[in-house]
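Q: I would like the atomic coordinates for the input below:
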Amino acid sequence: MKASFFASLPYGRVSEPVSRWPVPNRLFDPEQAVQVVASRMDHVALADELGFDWIGCAEHHYSPGSLASNVSAVAAAITQRTSRARVCIMGALLPLNNPVRVAEEYALVDTLSGGRLVAGLLRGAPYEYLVYNVPPAESRSRFEEAWDLVVRAWSDTEPFGWEGKHYHFRNVSIWPRPVQQPLPPIFISGSSKESAEFAARRRIGLGLAFTNLAAAKPAAQYYYQQASEQGWTPRPDQVIYGHLPVYLADTDEDAFSMARPRVEGNHLVPGMMRANRLVAEAGFFGPRNPELLQRFQTMGEHAPLSLEQQIELGTLLCGTPSTVLEQLRRIREELSAGVVSLNFETGGAEEQIQANMRRFAQEVLPHMHAL
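A: Model (predicted):
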């Protein structure tokens, strides 16, 4: 089982309470942003030094929760602070971007890293479709066409034209092409049945993020079933689960005391929840996924989950190193997942974050590799 260090780029504390979305950028302090990014890149270098297998990053928009508006730029920076870990982009949001540009940027990241790219090609969260005014009901068809265009841009060695439903290019011939041949490892998000079927048909990996074990287990099983019907079996490292906050301490009680004030309570921004609901109801998930639509329609309406409930649902890791290892074992057994994305940037002081990373690398990671 492999560990992927998730390099989030949260802005941090905002100078006044935020309840609406988009968040007014008059609250943005450039100096704070510079300090945050420098700190996160130091964490990236430490994760590589400590032996984490992958270092991941993701694209988000219009939010202090993430400054990574261009995930390829973040990944390029990661390549310059690491030498051995794979650089996992999870990922550029294909329906919101120019797919040829994505193909070029990913190929450049693979070149900068010497062939260490893991290429996540995703649809994104519903609210992000309000950022670039892309019709939510077109998300699936845009994604599938863009995916095919990206892969062809990486594969074809002669210029070609493209006339599709959503994208039109007279000539495509990207420089550079990816270092990894014939293709880098590719992942898509697996929240819907269509995603699992698409991944199985294309024989690519599946990412299960911002979910829980109860929801991820049937999604993973469906993916494996669809792959079997296509005549192949995914490797364990073709299923990623995460991103899970990590809280380690000498005793379970100490870890619980550390985590409880940080994870209990409703931390969702009401404006973002309304934006997610609006886009979901506009056809983002399609007619085959009523459970996903219902989840977004009712998001934030239930009582906040306790720490114990979140541990049971597999949405975080908390306890002694041996307790956390057992929580990872459960993920491995229930999902057949071979990669877990881990978030150590959980609101503690800088020295606490680094101590947590070092302890995980020394006392959990070697045993995790044996799962």
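
Q: how about L206: which residues does it bridge to?
A: Counting by DSSP bridges, L206 forms beta bridges with I188, V239.

Q: now the stretch 201-350 of the chain, which segments are flagged as low pLDDT?
A: In the predicted model of the stretch 201-350 of the chain, residues 266-270, 272, 276, 278-279, 282, 289, 292-293, 295-303 satisfy pLDDT under 70.

Q: tell me where it has helices.
A: Taking DSSP state H, counting those that start in this stretch as the test, the helices found in the stretch 201-350 of the chain are 213-229, 252-263, 270-279, 290-297, 307-313, 321-335, 350-363.

Q: what residues sit buried inside the helix or strand that comes right after the last one?
A: Going down the chain from helix 350-363, the next helix or strand is helix 365-369, by DSSP states H and E. When burial is assessed from 16 or more other Cβ atoms under 10 Å, helix 365-369 yields the following buried residues: 365, 368. Placement of C-beta: from N, CA and C, glycine included.

Q: cool, and stretch 161-171?
A: For stretch 161-171, burial by neighbour count (16+ other Cβ under 10 Å) applies to 162, 167, 169.

Q: how about the helices of the stretch 201-350 of the chain, which one is nearest R116?
A: Ranking the helices of the stretch 201-350 of the chain by proximity to R116 (Cβ to Cβ) places helix 350-363 first, at 18.9 Å.

Q: give me the distance from that closest one to the chain's centre.
A: Offset of helix 350-363 from its chain centre (Cα atoms, centre = their mean, to the nearest Å): 22 Å.

Q: mind putting the buried residues of stretch 161-171 in a markdown table, secondary structure, pLDDT and distance to E104 included?
A: Converted to a markdown table, these look like this (DSSP: H, G, I helix; E, B strand; the rest coil; pLDDT from 0 to 100; distance: Cβ to Cβ, whole Å):
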| residue | secondary structure | pLDDT | distance to E104 |
| --- | --- | --- | --- |
| W162 | strand | 98 | 14 |
| Y167 | coil | 97 | 14 |
| F169 | strand | 98 | 12 |
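
Q: and of those residues, the nearest to Y247?
A: Among the buried residues of stretch 161-171, Y167 lies closest to Y247 (Cβ to Cβ), at 44.1 Å.
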